[in-house]
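Provided below are the primary sequence and the corresponding predicted coordinates.
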Amino acid sequence: MICPMTRTLKKQERLKRGDFRAAKWTKHSETAHFVLLAADNRCNVKRFAVTIRKKTGVAVVRNRARRIVKEFFRLHKDLFGEGSNSLIRIKGLPQNLGMREMEPELQILLSSMKRRTSIT
RNA sequence: AAGGGUAGACGGGUGGUCGCUCCGCUUUAGGCGGGGAGGAAAGUCCGGGCAUCGAGGGGCAGGAUGGUUCCUAACGGGAACCGGGGGUAACCCCAGGGAAAGUGCAACAGAAAAUAUACCGCCCUUUAAUCGGGGUAAGGGUGAAAUGGCGGGGUAAGAGCCCACCAGUCCCGCGGUGACGCGGGAGCUUUGUAAACCCCAUCCGAUGCAAGGCCAAAGAGGGUGCCGCCACGGCGGCAUGGAUGGCCCGUCCAGUACCCGGGUAGGCCGCUUGAGGUCCGGGGUGACCCGGAUCCUAGAGAAAUGAUCACCGUUUCCGCCUUCGGGCUGGAAAACAAAACCCGGCUUAUAGUCUACCCUUUUUU
RNA sequence: UGGGGUGUCGUCAAGCGGUAAGACACAGGCCUUUGGAGCCUGCAUUCGGAGGUUCGAAUCCUCCCGCCCCAG
């Protein structure tokens, strides 16, 4: 098994086709542009995916937003719950598509989730 | 120098750290090396390859195209030319067959809108005068369009009624592969619309890689088999049946075996070497073709090509300095847009930079 | 990825070659002490955009733009 704290994003850490319909998703937190959904999985790996609607923008913009969120998961894997499938849904696009603009909002998204899980 | 036309190129670069994907080699924790978006990858508007369906061979229906000759695997694409239109010019634009095969439509206005007609007018006639009868398409007016235009002759007034020139139609000759051009002659003349139906010519079978091929869980199906009935042809049942029992619960017994096709979840292939790129030589006005050498250049699948740092470079804006020539180791910004089976086009989007040739105007020589 | 549909006033819409119906809403007036109701009048510089065909285009043709739906 791979070390959970390494900054990698392997294929087994990504959610596949069957994982989306099988699991029951619960909404954890929401900001202006993102929604965090989560579901338990039986294996003790943090798994992750990004979804974005086609209506949100053209292919270039959608790819850019998804890659930045993926990069955030890779660099801040400790913020995500252990042994759970995480799904970040992009509702709308921020003004500037860059790590500097999107990182603080994603920090807020994840910190509020962590607080809720620590309470329960 | 200014303005313009045509054709084309580029679409920031280099290096580190972390990360993704494919391939190869090692080893199977992993490690090392190499490849990794575009000119439009886009819109999906056309044409092919490839694959399956039923040999898609003929016909109908339906659809598409429409000057000529060529290029091409093919095209609704391209090249050259012809005709028409625009521009001072370089050059650009055009779905550009047929209206005497037939049908339809032409609002309003106008007398009359497609084979008929006469509102005003003009002329002849009748009458005391008007009315009336007749001739006329020159003039007026209407309209997008009024029976070819203009001038002369002619006439009661007029009219292709006659003549010259021009436009159009047909015929002949010459030139051109051809569209067509030039010249001559004839009868004197046919509204427009086919991006209205239609006619003619040419082309098109349908569906698309989620095509299609291979492996193949589970569930359901069929056969063998077993049981029961039988008119011996078959029929019914097998996730339940039989015994006990009126029925339910319960208990006991039997059976739940093998094979088959189909192909769902999932996996593998199709999947990137091709009407391929680059260079050189030759042919052609050109699109393009021929020959030789050389190169291999993305293959994901909830979908890879990213993040960050440093340096360099171009342009613009802001700020600061200035000897007004500029300078800054200040700051910010820098297009349109991302493969999804693959090619050939078309169309649309595109910050900025550069190259070549040509045209016009002004100035100088 | 492939395949369809649609766009007309603020809203719902008719018209499908010949001056863009109608309803609701809105604005003004009449009536009323005032409001509502009722009655009258007005309201599309042009039919999503740009070209073309035609005497004439919302309508026909071509290319773009937006929205909606379907297959898996």
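Arrived safely.

Mind checking the pLDDT average for stretch A:77-95?
For stretch A:77-95, mean pLDDT is 78.

Could I get the buried residue list for it?
Residues A:77, A:79-80, A:84-90, A:93 are the ones in stretch A:77-95 that count as buried (16 or more other CB atoms under 10 Å). Backbone N, C-alpha and C define where each C-beta goes, glycine included.

mind showing which ranges of chain A have poor pLDDT?
Along chain A, segments meeting pLDDT under 70 span A:1-7, A:17-18, A:21-23, A:41-44, A:95-96, A:112-120.

hang on, the earlier thing: would TSV of the buried residues of stretch A:77-95 with distance to RNA strand B and secondary structure be doable?
Output for the buried residues of stretch A:77-95, formatted as TSV (distance: CB to the nearest atom of the strand, whole Å; DSSP: H, G, I helix; E, B strand; the rest coil):
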residue	distance to RNA strand B	secondary structure
A:77	11	helix
A:79	16	helix
A:80	16	coil
A:84	16	strand
A:85	11	strand
A:86	12	strand
A:87	8	strand
A:88	11	strand
A:89	10	strand
A:90	12	strand
A:93	13	coil
